[in-house]
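[1] Quick one, structure for this:
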Amino acid sequence: MQFGLSEEQEMIVSTVRSFVENEIYPHEDAVERSGQVPHELGEQIKQKCIDLGFYACNFPEDVGGAGLSHLDFTLVERELGRGSMALTHFFGRPQNILMACNEEQRERYLLPAVRGEKMDALAMTEPDAGSDVRGMKCQAVRDGGDWVVNGSKHFISGAEHADFFIVFIATGVDETPKGPKKRITTFLVDRGTPGFEVREGYNSVSHKGYKNYILYFDNCRLPDAQVLGEVDGGFAVMNEWLYATRLTVAAFSVGRARRCFDYALNYAAERKQFGQPIGKFQGVGFQIADMITEIDAADWLTLSAAWRLDQKLPANREIASAKLYASEMLARVTDTTLQIFGGMGLMDDFPIERFWRDARVERIWDGTSEIQRHIISRDLLRPLGA
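    Numbers count the residues shown, from 1 in each chain. Below is the predicted model:
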C-alpha cells in the first residue's frame, strides 16, 4: 500500500495551493462584504487558471482537459476548498456529465466549456424535490418534435455566470409495485431560450458571493437536439454525476478544515492566559489533538474513495462515507476553532465565523448526511437480504 503522493501529485498540490493563496485569499474579504464577485475579477481568475493549464482539469485530454485521475482531481478540489467558493468557481471544473454529449452537442457545449468559452450550471433541486429527486414536478411533455417544459428549479449555484444549464426534468411516470415512479431526462438549456427565465434566489448565510438562483420554465420549447444522453435516461446520468460531487464536497471539507485548523493551532500557541499559551492547557491542547486526528482520518477516507474509482472498484459506499464524515468533521473543527478563539471568533476581524457559517451547508447539499447514511446502510444490508 502506497500512502505517499507521487512527485507529480506533490506538484499539483503545491501549484493549486499557491494559486489559492495568491489569487483567491486577497479578494475574499471584499466578496464576503459585498456578496458579489466583480465580472472582471471572475474573468481574471478564469484566464489565470487557463494559463496555468488547470482549467477543466477534470476532463480527459482527448477533449482538451488535463486528464487528471480521480485521485489527482480530488487533490485539486481539496486545495480549492481552502478558498472562497465564490472565487474558486472560476477555477473552472465543468460538469463531467457533459461527456455524455453526442457529436453535435460536443461542438456546442462540451468543447466550449472545456476551453472556458462557455460556463455551465446544473439544475436538479426543486422546492418539493430535494432528497426525493423522483418527486420533481418540473415536467416536459411531447408536442410534435419538441418538448414543452413547465415548472421551476431552485438552489441553482453559479447560474449568474452560466451560458447554458444542464437540467433534469420529469418526462413521464411508470407504475411500479412501490407506486408511481417518475422518468427523468436531462436537457441542455441555453440562457435566453424563450419561456426560460433565471431569477435571483435566496440570501444564504453560507458562501457569500456564491449565489443560488431560481429557474422558471413557462411553455419553454426544447427540440430533441437538447436532450443529453437518452430520453428517460436522466437518472443513470444523475447517479454518475453524484459520484463526482459527493467526493468534491468531501475534499472541499478537508481543505477548509486544514485552513481552519492552522488558525486554531497558531492562536493556541500565541494567545496567553494565566501566564502561558492556551494550547498548554489540556482543555485546548486535547481539542487540537482531536481536530488533527479527525482531519487526517477524513483526508485518507476521501483519497481512498477516489483511488477506488481509479481502480474501477465499487465506491458508492466509500464515497458516501467520505462525504458524510468529512462534512460533519468540518462542522466540528470550525465550531471548536471558534471556541478556542472565544469571543474574537465571532468577530469578522478573523475568517473563523465565516468558516463556521460556510461549513453548515456541506451536510445538506449534494446529498444530506441522512441520505449518505441511507446509502451506506443499504449497501451493507442489501447483500444480506435485509
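
[2] Please make it C-alpha for all contacts and neighbour counts, starting now.
    Will do.

[3] mean confidence score for the helix or strand hosting residue 44?
    Element membership for residue 44 (DSSP states H and E) is helix 39-52. Per-residue pLDDT over helix 39-52 has a mean of 96.

[4] Low-confidence stretches in the stretch 101-250 of the chain?
    241-242 (pLDDT under 70).

[5] before we move on, the earlier item: and the helix holding residue 44, which residues are buried?
    Buried residues in helix 39-52, counted by 16 or more other Cα atoms under 10 Å: 42, 45, 46, 47, 48, 49, 50.

[6] how far is that helix from where the chain is centred?
    20 Å (Cα atoms, centre = their mean, to the nearest Å).

[7] Could you pull out the strands in the stretch 101-250 of the chain for me?
    Using DSSP state E, counting those that start in this stretch, the strands of the stretch 101-250 of the chain run over 120-123, 139-143, 146-157, 164-176, 179-190, 196-200, 212-223, 227-228.

[8] ok, for residue 319, nearest residue in space, not its chain neighbours?
    In this structure, residue 319 finds its nearest non-sequential neighbour in residue 305, 5.4 Å apart by Cα to Cα, 6 or more residues apart in numbering.

[9] what about that neighbour, helix or strand, and which?
    helix 282-310.

[10] who does that helix touch, helix- and strand-wise?
    Packing contacts for helix 282-310, counted by 3 or more Cα pairs under 8 Å, 6 or more residues apart in numbering; DSSP states H and E, involve helix 70-80, helix 234-270, helix 316-341.

[11] can you redo the ones you listed as a markdown table with distance to residue 364 and mean neighbour count?
    Below are the helices and strands packed on helix 282-310 laid out as a markdown table (distance: least, Cα to Cα, whole Å; neighbours: other Cα atoms under 10 Å):
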| stretch | distance to residue 364 | mean neighbour count |
| --- | --- | --- |
| helix 70-80 | 18 | 25 |
| helix 234-270 | 10 | 21 |
| helix 316-341 | 9 | 24 |
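
[12] With distance to residue 352 added, can I get these in CSV?
    Shown next, in CSV, are those (distance: least, Cα to Cα, whole Å):
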stretch, distance to residue 352
helix 70-80, 17
helix 234-270, 7
helix 316-341, 6
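
[13] which one of those helices has the lowest average pLDDT?
    helix 234-270 - the lowest mean pLDDT of the helices and strands packed on helix 282-310, at a mean of 91.

[14] which helices and strands sit right next to that one?
    helix 70-80, strand 179-190, strand 276-277, helix 282-310, helix 316-341, helix 352-359.

[15] Now distance to residue 210 too, for the ones you listed, in CSV please.
    Shown next, in CSV, are the helices and strands packed on helix 234-270 (distance: least, Cα to Cα, whole Å):
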stretch, distance to residue 210
helix 70-80, 14
strand 179-190, 21
strand 276-277, 37
helix 282-310, 24
helix 316-341, 18
helix 352-359, 11
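
[16] Of all these, which one is nearest residue 366?
    Proximity to residue 366, assessed across those by Cα to Cα, is greatest for helix 316-341 (9.1 Å).

[17] got the angle between the closest one and helix 282-310?
    Relative orientation of helix 316-341 versus helix 282-310 (axes from the mean of the first three to the mean of the last three Cα atoms, to 10 degrees): 160 degrees.

[18] from the chain's centre, how far out does helix 316-341 sit?
    15 Å.

[19] That one to helix 352-359, inter-axis angle?
    Using the same axes, to 10 degrees: helix 316-341 against helix 352-359 is 160 degrees.

[20] okay, the angle between helix 316-341 and helix 234-270?
    Going by the same axes, to 10 degrees, helix 316-341 makes 30 degrees with helix 234-270.

[21] packing partners for helix 316-341?
    helix 234-270, helix 282-310, helix 352-359, helix 369-381.

[22] That helix vs helix 369-381, what angle?
    140 degrees.

[23] To residue 362, which of the strands of the stretch 101-250 of the chain lies closest?
    Closest among the strands of the stretch 101-250 of the chain, using Cα to Cα: strand 146-157, at 13.7 Å.

[24] What are the neighbouring residues in contact with the nearest residue to residue 199 once chain neighbours are set aside?
    Among residues not flanking residue 199 along the chain, residue 214 sits closest, at 5.2 Å (Cα to Cα, 6+ apart). Residue 214 sits next to 152, 153, 154, 155, 156, 198, 199, 200, 201 when contact means Cα atoms under 8 Å, 6 or more residues apart in numbering.
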